[in-house]
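>>> Sequence below, structure please.
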Amino acid sequence: MYDGLVLSTPMCPMCAERDPTTVDHVLPRKAWPEFSILPENLVPACDVCNRRKRDRVANTAGEALFINPYRDDLSEVGFLDASVDTSSGTAVVQFFIREAVGEDAQLLARAARHFEKLKLGELYRIKAIPEIQENALAVARMLHGGVTTGAVRRSLEEQAQRTEKVRGKNHWRAVLHRRLAGNDDFAAGVCSPTAAGT
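From the prediction side, this is the model:
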């Protein structure tokens, strides 16, 4: 059963980035041994997320700390966002959980705690560095070839849409491309491809 769970998904559902190599107990087996082999209590996870989650379930206020991939559907809620700062001539990105008006406040608060405890902002920022550099180089080539900044924006937005279609609207790459498309400096080729994202 353990091997089947690990192989059941290509991506850790806790970070949506690394390969699942372990199985996490949603309710820790030390506190709830009766659920230690209950399939609904077992989540394939990468080693990093599993170690960071540890045996934690709730904070001192009794609020759940982590998203449950079986019970929490965030596919229609755009909760991940990013800011891109190009003031230094490079594109530096920061990921964060945004507040969404009209959405389930408790679910978004849980997503924010999940994001913080698993240090996903740092993971996504590091993953974004080569992506920003590649896109900065592509933008420079496009502009050198006579493509307009409007076409550059459309190209970046199309990349965001392709990623969103496959990985969902809360994947860091979809969010990144959308923010790059909306950044005047990046679309104008102001950012250095060799230093972008650092």
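
>>> Could you use CA atoms for every contact and neighbour count after this?
Fine.

>>> residues contacting the most centrally placed residue in the chain?
Geometric centre of the chain, nearest residue: Trp172, 3.9 Å, by Cα atoms, centre = their mean. The neighbours of Trp172, taking Cα atoms under 8 Å, 6 or more residues apart in numbering as the test, are 80, 95, 124, 128.

>>> ok, now how distant is it from His144?
Distance, Trp172 to His144, by Cα to Cα, to the nearest Å: 28 Å.

>>> Enumerate the positions of the helix or strand encompassing Asp81 that are buried.
Per DSSP states H and E: Asp81 is located in strand 80-85. Applying a neighbour-count criterion of 16 or more other Cα atoms under 10 Å, the buried positions in strand 80-85 are 80-85.

>>> where do the strands sit along this protein?
Here the chain has its strands, by DSSP state E, at 22-25, 42-45, 80-85, 92-97.

>>> Leu65 and Tyr124: what is the separation?
Distance, Leu65 to Tyr124, using Cα to Cα: 19 Å.

>>> swap in Thr86?
Distance, Thr86 to Tyr124, using Cα to Cα: 18 Å.

>>> By residue count, which helix of the chain is the longest?
Ranked by residue count and defined by DSSP state H, the top helix of the chain is helix 120-144.

>>> What helices and strands are in contact with it?
strand 92-97, helix 149-167, helix 172-181, helix 184-187 (3 or more Cα pairs under 8 Å, 6 or more residues apart in numbering; DSSP states H and E).

>>> Outside of the last one itself, list whatever touches it.
Contacts made with helix 184-187 from outside it, assessed by Cα under 8 Å, 6+ apart, are listed as 86, 91, 136, 139, 149-150, 152-153, 180-181, 191.

>>> residues of that helix that come out buried?
Neighbour-count burial for helix 184-187, counted by 16+ other Cα under 10 Å, picks out 185-187.

>>> one step back: quick one, the strand holding Asp81 and helix 120-144 angle?
For strand 80-85 against helix 120-144, the angle by axes from the mean of the first three to the mean of the last three Cα atoms, to 10 degrees is 60 degrees.

>>> circling back to that earlier point, from the contacts of helix 184-187, which is closest to Pro13?
Using Cα to Cα, Leu180 comes nearest to Pro13 of the contacts of helix 184-187, at 25.6 Å.

>>> Quick one: residues contacting that closest one.
The neighbours of Leu180, taking Cα under 8 Å, 6+ apart as the test, are 84, 153, 156, 186-187.

>>> give me every residue that touches the closest residue to Asn59 other than its chain neighbours.
Excluding its sequence neighbours, the residue lying closest to Asn59 (Cα to Cα, 6 or more residues apart in numbering) is Leu65, at 6.5 Å. Contact partners of Leu65, counting by Cα under 8 Å, 6+ apart, are 56-59, 110, 113-114, 117.
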